[in-house]
Structure formats: structure tokens, C-alpha cells
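Chemist: Build me a structure from this.
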Amino acid sequence: GATVFSSGRVFNDWLTRTRADIALLTTDLETGPYPYAGIPWFSTAFGRDGVISALQMLWLNPDLARGVLAFLAHYQSTETSVFDDAEPGKIMH
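Modeler: Predicted coordinates:
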């Protein structure tokens, strides 16, 4: 990821905390890094949450966006299933 410093202590502290929080939520999967929704109750991938996190972290860590996109593409539906609420092209919740 990018290295960012500023003359503002508060900003630097915020950025350090942000990186630590994202690192805590990120799991390395076969498709790359993926930020899980929340620990402990939501330690799983949520499509929308992953996309939002990846978009917000893009300027600091583009690898996270690559991992999210690869994961979602891998699990993107290719068939219709009423039970799974799946349709071709649909991305998981």
C-alpha cells in the first residue's frame, strides 16, 4: 500500500488506526485479501461491504480492491436457483 504522512498528529493517528482496523478484518483467501464484515458475529464475506471497503481503501491499498473483485467474480452466480436466490451475473449479498 501507499505510505502517507502528514504534519498533523491527529490525522496520522487516525490513519494508523484505520490501517490496523482494516488489517484485523482482512482475511487472505485464495483470491486475495478480503475484508470481512465484522468480528466476531460477521466473520464472513459480504459482497456490498467488501466493495465499499475496497473502494474506500483504494488510494491506500489497491491490493484489497483486487482481492475483493477476484473473490466476487469467482463466486458470481452463473445459474438460476430459487433456493439460493441466484441468477446469472448476480453478486452475493
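Chemist: what does stretch 86-93 contact?
Modeler: Under the contact criterion Cβ atoms under 8 Å, 6 or more residues apart in numbering, stretch 86-93 has outside partners 45-48, 72, 75-80. Placement of C-beta: from N, CA and C, glycine included.
Chemist: Of those residues - the most surrounded one?
Modeler: residue 45 (20 neighbours; other Cβ atoms under 10 Å).
Chemist: any idea how far it lies from residue 38?
Modeler: Using Cβ to Cβ, to the nearest Å, residue 45 is found at 12 Å from residue 38.
Chemist: And for residue 27?
Modeler: For residue 27, the distance to residue 38 - Cβ to Cβ - is 12 Å.
Chemist: Could you do residue 92 as well?
Modeler: On the measure of Cβ to Cβ, residue 92 and residue 38 end up 16 Å apart.
Chemist: Which one's more surrounded, the two?
Modeler: Applying other Cβ under 10 Å to residue 92 and residue 38 shows that residue 92 carries more neighbours, namely 16 against 12.
Chemist: Nothing else from me, thank you.
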